[in-house]
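Peer 1: Pasting the sequence and the predicted coordinates here, then a few questions.
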Amino acid sequence: MLDWEIIYEDWVPEEQPLREALCTLGNGYFATRGAFEEAEADEKVHYPGTYLGGGYNRAISEVAGKQVENEDLVNWPNWLPLTFRHAGGNWFSLEKVELVKFYQELDMQEGVLRRDIHFRDVEGRETRLVSRRFVSMANPHVAAQVWELTPLNWSGEIEVRTALDGRVTNSGVARYRSLEREHLEPIGADQYDEESIYLLVQTKQSKVRMAQAARTVVVADGKKQEVERHSRAENNYVEQVLKITCSQNQPIGVEKVVLIYTSRDFAISEPLQEALRNIERIVNFEHLLSASSRAWKRMWKRCDLELTCNKEAQSVLRLHVFHLLQTVSPNSIGRDVGVPARGLHGEAYRGHIFWDELFIFPYLNLRLPDLTRALLMYRYRRLPEARYAALEAGYRGAMFPWQSGSNGREESQIVHLNPKSGRWIPDNTFLQRHINAAIAYNVWQYYQATHDKEFLTFYGAELIFEIAQFWSTIAIFSQEKGRYEIRNVVGPDEYHTEYPGSTSPGLNNNAYTNVMAVWVIQCALQVIETIDQSRTEELMNKCSISTDDVERWQHISQRMYVPFIGESDIIAQFEGYEALQEFPWEAYKEKYGEAMRLDRILESENKDVNAYKASKQADVMMLFYLFSSEELLQLFTRLGYNFNTESIPDNVAYYESRTSHGSTLSKIVHSWVLARTDRKRSWVNFEIALMSDVEDVQGGTTPEGIHLGAMAGTVDLIQRCYTGLEIRDDVLWFNPVLPEELGCLNFQIRYRSHWLSLQIMQEKMIITLDRGWTKDVQIGMDGKVYTFNTGDHKEFNIKR
Ligand code: BGC
């Protein structure tokens, strides 16, 4: 990896699925995996996939004798196909030629994927092929690629085939392949004009339409060439074959520009009309590319983190920002999309939206707050569904689903396949009610970063009130404990979904869930004090929240039960945790490495992970990730617990030795909680999190989609954790503790309508407020608060 590029200098077929995921190009509207133009999906090496933000479809499959309905992020028609053959020969395929040279480069600065190969075919003909591709950040409907073919030792006629292929299925994840995979039905495919073809499809159940139009032209010596063309269209496939005469050492350019419109778009009449109307307007590849790279440059200016002293971390962090912005970007605003946990890069988790936003939004809040606002609106629009879910389950308020897709109903699967044992297992992870706390937390964090009073008043407050109301009705007063408790839930650690030997799912009093419930309720009480009284009254009326309800909130926020292990200061992950068996870590680590999916391993050995003190990921630790020790102390004191914050390192050590890091989110949290007490170990954890996707540490999961929570989480570790950035009492505090390995750091943030430039070195920090809005901001360092006005520039010494 270089500063701005990932480079592959050899062709390794087994690595191709991972490279395809990592070389995905997208623009926050749609994304396409980095598959070769000439390749077809073969379920082993090549898997071209194109995914649209919010482009879901439902289908019924038979699983273990039962009919189950799943909602999938659809693999849309492949717009890539471009290939060639010599007259009478086979279509080009990398597998059928001898490679003399292979070079592939992902240029993250401009958002371009390049390939430069030199090959010899069975007839001894040598050809150089240079290809470039981009998905436009400037115009979300545009994608384009160009092939430059140079005959090195031959001349003659070739045929170039350009196509739009709607025969694709959702087959990217091996363990889902026994489920229904066909989501598209054809509507139309044909030639449009001399140079253009089109395809129109729609999803079978959700009836989302997508039109693709492709214009292919041949260029030699900088001039467009007239060539003979033949088009052929089938049901959901259309191609054009171009006859080209080539001369030795004379490069031939083939440019394919594609326009994509869907029925989910705004400002359109009908997708096909728009695609065809606009395909006539395009200039050429270079013109479109220039607009897209300029858009990328503008985005990088706002979103980059410059780590001049650590090249490796620098390039991987850029890769993370790059993929985050390809999944959600200003192009996503207004499209009613959320952030799929695995990006628009593959089909894992069916493109569903989980709590991973908790790890993603903090970075976006301080860079593209408008985008976070739009992503929060995805939740707001699904409030009615969440209210209904709460009602159905016997609660009040709003209960958001653990996995969300199109309309906000629960999309978690009810059974999942353990690929290790081949068995279908009941899946009770949907009981992760803590997703609700994450949504409220995200609203409040957004408000803290932006002070967007209109959003809080008209949308955010309603979300927080409804979620607080949910927590206050799922919490039941236990006479025995003299406290409120929350029963039958699952915490972030998905290994524990029930008590060993129990016949019903769920655990009681997951500490993280209970504390978060209190935090949400306390936040709701604060919102009542923050927004206009008349608006509070309106919302209380709208949400049917009475003064008695608010009184109950007060009571719960002082009397929630939190389990501890025995008489110690160690917070128990859930009630009854201490009765579980210790897990033989050494033996399993030796066999399976550090990042293990113990649930699958043990199930295949006919054992139950629920029986052990073994976590998949950070659970109790989440509390130390989200809250400072002062905030935790305040929460526990309000609850009447005598929690000693000095015991936090003991809590960290206790769970660190009992976690298998079976989720890429886990190392983020561990790195974060160690940052202040053990910088070295924090950095080691950071480096593992950093390499999660680049090295596919979970052994085969990245090819099915990147892990956006871990990607954004690593960036946020640099942005907030190591800089000590915290918004408290309307002051933006800094307390940098840069690990030595990090050296120095430059970046910009957007804070409450101001752009701030930050230069942080080991001993010094420089803060510059861009010239802009005149309202001042309060910035805190070393316990002192400074007022910054527009254009101000201040230097601070860092005490070590
Ligand atoms: C993790 C969840 C996460 C999900 C999607 C799971 O493996 O346990 O915490 O939300 O992946 O990334």
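Peer 2: That came through fine.
Peer 1: The stretch 251-400 of the chain against the ligand: which residues are in contact?
Peer 2: Counting by CB under 6 Å from any ligand atom, the residues of the stretch 251-400 of the chain close to the ligand are 341, 349, 354-356. Yep, even glycine has a C-beta here, placed from its N, CA and C like the rest.
Peer 1: Among the residues you listed, name the ones in strands.
Peer 2: Of those, none are assigned to strands by DSSP state E.
Peer 1: Could you find which two of those residues are furthest from each other?
Peer 2: Spanning the widest gap among those are Tyr349 and Trp355, at 12.2 Å by CB to CB.
Peer 1: Quickly find the element holding the closest residue to Ala475 other than its chain neighbours.
Peer 2: Nearest residue to Ala475 in three dimensions, chain neighbours excluded: Tyr484, at 4.2 Å (CB to CB, 6 or more residues apart in numbering). Element membership for Tyr484, per DSSP states H and E: strand 483-485.
Peer 1: so where is the stretch 501-650 of the chain shaky, pLDDT-wise?
Peer 2: Scanning the stretch 501-650 of the chain for pLDDT under 70 picks out the ranges 595.
Peer 1: Specify the beta-bridge partners of whichever residue of the stretch 1-150 of the chain sits closest to the ligand.
Peer 2: Scanning the stretch 1-150 of the chain for proximity to the ligand using CB to the nearest ligand atom identifies Leu73 as nearest, at 13.2 Å. Counting by DSSP bridges, Leu73 forms beta bridges with Tyr56.
Peer 1: my read: it touches Gly351, true?
Peer 2: Yes: counting by CB atoms under 8 Å, Gly351 is a contact partner of Leu73 at 2.2 Å.
Peer 1: what do these two both touch?
Peer 2: Residues touching both Leu73 and Gly351 (CB atoms under 8 Å, 6 or more residues apart in numbering): 51, 56, 340, 344, 405.
Peer 1: are any of those residues buried, and which?
Peer 2: Listed as buried from the shared contacts of Leu73 and Gly351 are 51, 56, 340, 344, 405; burial here means 16 or more other CB atoms under 10 Å.
Peer 1: Could you report the neighbour count for the closest residue to Thr497 other than its chain neighbours?
Peer 2: Closest residue in space to Thr497, ignoring its immediate chain neighbours: Asn428 at 4.3 Å, by CB to CB, 6+ apart. Per other CB atoms under 10 Å, the neighbour tally for Asn428 reads 17.
Peer 1: Quick one: residues contacting Asn428.
Peer 2: Contact analysis of Asn428 by CB under 8 Å, 6+ apart lists 490, 497-498, 505-506.
Peer 1: rerun that using 7 Å as the cut-off
Peer 2: Asn428 makes contacts with 490, 497-498, 505, as judged by CB atoms under 7 Å, 6 or more residues apart in numbering.
Peer 1: what's the answer for Asn797, then?
Peer 2: Contacts for Asn797 were tallied using CB under 7 Å, 6+ apart; they are 763-764.
Peer 1: likewise Pro340?
Peer 2: Counting by CB under 7 Å, 6+ apart, Pro340 touches 73, 327, 351-353.
Peer 1: what's the farthest-apart pair in those?
Peer 2: Going by CB to CB, the pair spanning the contacts of Pro340 furthest: Thr327 and His352, at 13.4 Å.
Peer 1: Which of the contacts of Asn428 fall within helices?
Peer 2: Within those, no residue falls in helices by DSSP state H.
Peer 1: and the ligand, which of those residues contact it?
Peer 2: Applying CB under 6 Å from any ligand atom to the contacts of Asn428, none is adjacent to the ligand.
Peer 1: Tell me the one among those residues nearest to Glu195.
Peer 2: Relative to Glu195, the closest of those is Val490; by CB to CB it sits at 55.4 Å.
Peer 1: how many neighbours does the closest one have?
Peer 2: Look at Val490: counted by other CB under 10 Å, it has 25 neighbours.
Peer 1: One more: Thr169?
Peer 2: Quick note: Thr169 (other CB under 10 Å) scores 14 neighbours.
Peer 1: Then Glu105?
Peer 2: Counted with other CB under 10 Å, the burial measure for Glu105 works out to 19 neighbours.
Peer 1: Need phi/psi at His118.
Peer 2: Per-residue torsions, His118: phi -130, psi 120 (degrees, to the nearest 10).
Peer 1: Run through the bridge partners of it.
Peer 2: Lys101, Arg128.
Peer 1: what's the burial count for it?
Peer 2: With neighbours defined by other CB under 10 Å, the count for His118 comes to 18.
Peer 1: Pull the most distant pair out of the contacts of Asn428.
Peer 2: Farthest-apart pair in these is Val490 and Glu498; separation 8.5 Å (CB to CB).
Peer 1: joint contacts of those two?
Peer 2: Taking CB under 7 Å, 6+ apart as the contact rule, Val490 and Glu498 both touch 428, 506-507.
Peer 1: With neighbour count and pLDDT as added columns, please give the contacts of Pro340 in JSON lines.
Peer 2: Formatted as JSON lines, these follow (neighbours: other CB atoms under 10 Å; pLDDT from 0 to 100):
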{"residue": "Leu73", "neighbour count": "30", "pLDDT": "98"}
{"residue": "Thr327", "neighbour count": "28", "pLDDT": "98"}
{"residue": "Gly351", "neighbour count": "30", "pLDDT": "98"}
{"residue": "His352", "neighbour count": "23", "pLDDT": "98"}
{"residue": "Ile353", "neighbour count": "27", "pLDDT": "98"}
